[in-house]
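Engineer: Sequence below, structure please.
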Amino acid sequence: MKKKIAFVSALLLALSVQTAEAAVKVTVLNPSKVSTKTGLVTLTVSGLPTEHGIYISQCMGIDKATKVPSACNPAKASKLWISNLAADQKMGAKPGKGKLTLKVDKYFKDGDCIHTKCIIYVTNDHNATDKTATQAIAFKFGGINLF
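Structural biologist: Here you go, the predicted structure:
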């Protein structure tokens, strides 16, 4: 009986950890009204994992065949590393509290966000072994995109 209780307890603990991981939520506050002049996107993050962080990048829309973006903006201002771990913050990660700002470009190497679909792409950071935080959030510049 004790073995059954231990097994069920371990199973429930494993399921609760997976649920916590899947709870990462990035919200873009201005997804259809990004200024063509400033290119600033305002984000909030909730449910950030406690043992690692996330990456947020500007990318081209995801190709359904590959399930990953064909290109992402190489500019440093178009990428964020978000983590609440002190060690990560010492290496440049931003804390996941409050509003965050990401600079997106209308055009970048292999990217055109005026005439095609672009996304804010979210993944777990290099410390994670899973893909539970992966999100693709569409955005457009001031409502002018034609996709």
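
Engineer: Alpha carbons of stretch 79-98, as CSV, please.
Structural biologist: Provided in CSV are the C-alpha atoms of stretch 79-98 (Å, rounded to 0.1, in the frame of the first residue of the first chain):
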residue,chain,number,x,y,z
LYS,A,79,15.8,39.8,-28.6
LEU,A,80,15.1,39.4,-24.9
TRP,A,81,16.3,36.9,-22.4
ILE,A,82,13.8,36.9,-19.4
SER,A,83,14.6,35.0,-16.2
ASN,A,84,14.0,35.5,-12.5
LEU,A,85,17.1,33.6,-11.6
ALA,A,86,19.8,35.9,-10.0
ALA,A,87,22.6,34.0,-11.9
ASP,A,88,20.9,34.6,-15.2
GLN,A,89,20.3,38.3,-14.5
LYS,A,90,24.1,38.6,-13.7
MET,A,91,24.7,37.4,-17.2
GLY,A,92,22.2,39.8,-18.8
ALA,A,93,18.7,38.4,-18.4
LYS,A,94,16.0,40.8,-17.6
PRO,A,95,13.6,40.0,-14.7
GLY,A,96,10.1,38.9,-15.8
LYS,A,97,8.2,41.5,-13.8
GLY,A,98,6.3,44.5,-15.1
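
Engineer: Start the count at 493 instead of 1 going forward.
Structural biologist: I'll keep to 493 as the first residue from here, and by that count the last item is stretch 571-590.

Engineer: what comes into contact with that stretch?
Structural biologist: When contacts are defined by Cβ atoms under 8 Å, 6 or more residues apart in numbering, stretch 571-590 is touched by residues 535-537, 540, 542-550, 564-565, 592, 594, 617, 619. The C-beta positions use only the backbone N, C-alpha and C, and glycine is treated the same way.

Engineer: Let me see the contact set for the most centrally placed residue in the chain.
Structural biologist: Centroid-nearest residue in the chain: V614, 2.0 Å away (criterion: Cα atoms, centre = their mean). V614 is in contact with V516, V518, I546, Y547, I548, A625, T626, Q627, A628, I629, counting by Cβ under 8 Å, 6+ apart.

Engineer: Relative to L577, how far out is it?
Structural biologist: According to Cβ to Cβ, to the nearest Å, V614 stands 17 Å off from L577.
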